[in-house]
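Asks: Pasted the sequence and its predicted model underneath.
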Amino acid sequence: MTQAKFLQGSIIKHVMTMSATNALGISALFMVDLADIYFISLLGNSALTAAIGYASAILFFTTAISIGLVTVNSAQVSKSIGQHNKQQARNQVAYISLYAFCFTTFIAVLFYYFTPEILIQIGAKGEELSEAIIYLRIILPSLPILALAMQMGATLRSLGDAKHAMYATLGGGIINALLDPLLIFVFKLDLQGAAIASVISRCTVLAIGFYFVFFKYKMFTRFKLVNFWPNISGISNIAFPAMFTQIATPLGNLYVTYEVAKFGTDYIAGWAIIGRLIPVAFGMMFALSGAVGPIIGQNYGALQYGRVREVLNQSMKFIISYTLVISLLLSMGQDIVVDLFNAEHKTAEIIRIFCQYISITFIFTGIMFVAMAFLNNLGYAKYATLLNVGKMTLGTIPFVTLGAFYYNAPGILYGQAAGSIVFGLIALLLTRKVMKIIEERHI
């Protein structure tokens, strides 16, 4: 019988352990993304840096779909583990993995075909357009590999084994870090080299994760395809709201990229650097939102609602403390960041604004991430979807548009931050309301 590790012991210890191990793995991959843009910046061509910015906006969208599919794993597999039903958990891993592979294959083909049109719509042109097309068309076919790799990591975290999930992402990060300078500079492949390194990295993460899930925990089971069809509906009921929740963020990001593009290549280059800096600086925050899912799922499955509420309280305290520290470090180290990426003029300006004023508002972004993790795992996925869609429409478009109108490109960052504050507070109030409803229902 697989032990449900989160049903006892210190909640804050579980939250910290799961978040830290998850963050180490995730940060390794994000650090490599940051290294990509650092190496490209050394080539001294702002068009190449801008190309990464445009491509990243689209990759953010496709990755968000895979993250949404991970939510199904956290909601179903961790709950089965909490109920001590390992065979059901095995079946769920198999069905969800197959679902993720098929769905992301369709998305990869769709985006591959329409890559030029999408890039043009968000403002790419000239050299930055041609380079971004090549970059994306190398990486996009590996989306199903990324989706399966994420499912392996989610399965390990649902089992309470964040350590081996971390090993998988660390392994991918190390491979990418080694290949980047080799392919970019030695073989002179520029952006193509960075893209090839990313694909190989994704394959590495999948291979390591699959090894631990299959050989250590034996979490795969044989099944007939005919048994898969009845499960599609149950998976879709969680997957589609979760995916809509996740893709709302990159859709908002696409709009922000579109607005920034109006002010020129230098601002887009700065926006690209910020986009790679954010997940590295706030990696623990992103990790927390994914790490608390199994803790919530196991305790919710075991009907331990007091512990579920404690997860919420401890997660919020952690988010606030962590963001305060990181934003202070970014403010103090803004000159280092600017110098590191050889940023000048408008590129340096927008980076400084982010470090000095915007980073502190990520407290509210973190609150919203944690709130959505709770809503998805407690069976209120549609609430999470409405919340995030609201954030990326009402909380982004009017704020960003007004910011751009009054304060040009820097105003876009100010507007996006203001929207995050408003919807972060709404998310917190909604989640506490849902927790109260669940507790009263079972009194």
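Replies: Sure, I can see it.

Asks: and residue 12, how many residues sit next to it?
Replies: Using other Cβ atoms under 10 Å, residue 12 is surrounded by 15 other residues. For the C-beta atoms, the positions are set from N, CA and C on the backbone; glycine is no exception.

Asks: contacting residues for it?
Replies: With contact set as Cβ atoms under 8 Å, 6 or more residues apart in numbering, residue 12 has these partners: 314, 318.

Asks: Which strands and helices lie in contact with the longest helix seen in the chain?
Replies: Longest helix in the chain, counting residues (DSSP state H): helix 397-441. Where contact means 3 or more Cβ pairs under 8 Å, 6 or more residues apart in numbering; DSSP states H and E, helix 397-441 is packed against helix 225-261, helix 305-332, helix 345-353, helix 362-377, helix 381-393.

Asks: all helices for the stretch 101-250 of the chain, in order.
Replies: 115-121, 126-139, 143-158, 162-181, 190-211, 225-261 (DSSP state H, counting those that start in this stretch).

Asks: Tell me which of those sits nearest to residue 339.
Replies: For residue 339, the closest of the helices of the stretch 101-250 of the chain is helix 162-181, at 19.6 Å, according to Cβ to Cβ.

Asks: just how off-centre is that closest one within its chain?
Replies: 16 Å (Cα atoms, centre = their mean, to the nearest Å).

Asks: tell me the angle it makes with helix 190-211.
Replies: 160 degrees (axes from the mean of the first three to the mean of the last three Cα atoms, to 10 degrees).

Asks: buried set for helix 162-181?
Replies: By neighbour count with 16 or more other Cβ atoms under 10 Å, helix 162-181 contains the buried residues 162-173, 175-177, 179-180.

Asks: average pLDDT across that helix?
Replies: Taken as a whole, helix 162-181 has an average pLDDT of 88.

Asks: Residue 129: neighbour count?
Replies: That count, for residue 129 with other Cβ under 10 Å as the rule, works out to 17.

Asks: got a pLDDT number for the residue nearest to it when sequence neighbours are not counted?
Replies: Closest residue in space to residue 129, ignoring its immediate chain neighbours: residue 119 at 5.6 Å, by Cβ to Cβ, 6 or more residues apart in numbering. We have a pLDDT of 95 for residue 119.

Asks: Show the contacting residues for residue 119.
Replies: So residue 119 contacts 54-55, 58, 129, 132-133, 136 (Cβ under 8 Å, 6+ apart).

Asks: count of residues packed around residue 306?
Replies: Residue 306 - counted by other Cβ under 10 Å - has 9 other residues nearby.

Asks: Hmm, I typed the wrong one, I wanted residue 367.
Replies: For residue 367, using other Cβ under 10 Å, the count is 26.

Asks: ok, it touching residue 429?
Replies: No. Under the criterion of Cβ atoms under 8 Å, residue 367 is not in contact with residue 429, lying 10.3 Å apart.

Asks: In a markdown table, list the helices of the stretch 101-250 of the chain along with distance to residue 407.
Replies: Formatted as a markdown table, the helices of the stretch 101-250 of the chain follow (distance: least, Cβ to Cβ, whole Å):
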| stretch | distance to residue 407 |
| --- | --- |
| helix 115-121 | 25 |
| helix 126-139 | 24 |
| helix 143-158 | 36 |
| helix 162-181 | 36 |
| helix 190-211 | 32 |
| helix 225-261 | 12 |
